[in-house]
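> sequence and computational prediction follow.
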Amino acid sequence: MANDITFSITTTRFDEDYAPAESSRVTTNFANLARGSGRQQNLRNALSMMNHRLNELVPGDDDRYRVELDIVSVHLRFGDGADDEEFPVIEVLDVSIVDTSTGERHRGIVGNNFSSYLRDYDFSVVLPAANAGGEGFTVPEDFGILHGKIFQHFLDSDAYRDRFAQAPVICISVSTSRTYRRTGVVHPVLGVEYAQDSFSLTDDYFGRMGLQVRYFMPRGSVAPLAFYFRDDLTAEYSDLQLAGTIATMETFQKIYRPEIYNAVSPAGEVYRPTLDEPEFVRTGIDYDREERSRLAVTQGRYAEEHFVTPHRHILDAWAADYAAPVR
């Protein structure tokens, strides 16, 4: 029955001329940067920050390497192939690294940023509804299961395998609800490893997507990043690939969460991130964090109305039948 769901992929270059497509989630972090009168300068500054950070992490000339980013948009299609049965489910970033001294292009890591209508539905519709009674926080037993199975099915699909040779790595902010401690492990590019005191709701959610997590603070950073991956983070990817992901996602986090990633003081042996940190540096790149939160609810409702509710019987039957391949 898993063959009843297939996927198609389109890509859009993310550069200073990028404009969000009509089907793109407006809460996507890179889409938020690309609106308003300062959109082109926002994008130009963000890309400049990425390139500067990449060259800090990789030995060589100060401006030798340049990142090129493509937005990967994934559409789900049900087995009958009808046009109205296609739904945008996932958007990620694909990183390429250009050696400007030789012209050689190196494949980076796909994943990085992660956006999903269905995740908006889970966190902005399902979770609030489960806690509407105000009798303590609760997480539904099946929370994230459908989303996780769809994501794993996509990674094992022909659409993914025909285009990408390696599993994705998602890189996001650490949780402000957890405490992190250094483990003593140091990676040449990923940096100092941290471990959380317990799994967060986000950790559990990505776990249902078949991804495990490790936390590292790269050299020159002030806070650890969360890396979600499928296989072996430190063995499957080259140092240059990891540097490309760090440069890309740390830049976004400096823009989105400067209180954590542009703080004046770096994380110590024990670290509890907070958005109430008073001493931090703003990047000068416009980003509307409150708008993103509001739109997440709107887009969660959209997923409910156009995807989950009308196809509930198909999705429930498919999820019950689906089993992730043994790896």
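Structure's in. What do you need?
> where do the helices sit along this structure?
Using DSSP state H, the helices found in the chain span residues 29-33, 39-57, 117-121, 127-130, 145-155, 158-161, 201-207, 239-256, 258-261, 289-303, 312-321.
> and of those helices, who's closest to residue 109?
helix 239-256 (4.9 Å; CB to CB). Bear in mind the C-beta positions are built from the backbone N, C-alpha and C, glycine included.
> how far off centre is the closest one?
Relative to its chain's centre, helix 239-256 lies at 11 Å (CA atoms, centre = their mean, to the nearest Å).
> tell me how far residue 69 lies from residue 55.
Taking CB to CB, to the nearest Å as the criterion, residue 69 is separated from residue 55 by 16 Å.
> who has more neighbours, these two?
Neighbour count, other CB atoms under 10 Å: between residue 69 and residue 55, residue 69 has more, with 23 against 19.
> from residue 44, how far off is the nearest residue to that one once chain neighbours are set aside?
In this structure, residue 69 finds its nearest non-sequential neighbour in residue 14, 4.1 Å apart by CB to CB, 6 or more residues apart in numbering. Residue 14 sits at a distance of 12 Å from residue 44 (criterion: CB to CB).
> so for the two, which residue has more residues nearby?
Using other CB under 10 Å, the more surrounded residue of residue 14 and residue 44 is residue 14, with 24 against 15.
> residue contacts, that one?
Residues in contact with residue 14 (CB atoms under 8 Å, 6 or more residues apart in numbering) are 30, 43, 69, 70, 71, 93.
> hmm, what's the outermost residue in the protein?
The outermost residue of the chain, judged against the average C-alpha position, is residue 135 (31.7 Å), by CA atoms, centre = their mean.
> check that one and give its pLDDT.
Residue 135 is assigned a predicted lDDT (pLDDT) of 77.
> before we move on, back to that, could the helices of the chain be laid out in JSON lines, adding mean pLDDT and distance to residue 186?
Putting the helices of the chain into JSON lines (pLDDT from 0 to 100; distance: least, CB to CB, whole Å) gives the following:
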{"stretch": "helix 29-33", "mean pLDDT": "62", "distance to residue 186": "29"}
{"stretch": "helix 39-57", "mean pLDDT": "91", "distance to residue 186": "14"}
{"stretch": "helix 117-121", "mean pLDDT": "93", "distance to residue 186": "32"}
{"stretch": "helix 127-130", "mean pLDDT": "92", "distance to residue 186": "36"}
{"stretch": "helix 145-155", "mean pLDDT": "97", "distance to residue 186": "30"}
{"stretch": "helix 158-161", "mean pLDDT": "96", "distance to residue 186": "32"}
{"stretch": "helix 201-207", "mean pLDDT": "95", "distance to residue 186": "22"}
{"stretch": "helix 239-256", "mean pLDDT": "96", "distance to residue 186": "13"}
{"stretch": "helix 258-261", "mean pLDDT": "96", "distance to residue 186": "20"}
{"stretch": "helix 289-303", "mean pLDDT": "79", "distance to residue 186": "32"}
{"stretch": "helix 312-321", "mean pLDDT": "92", "distance to residue 186": "41"}
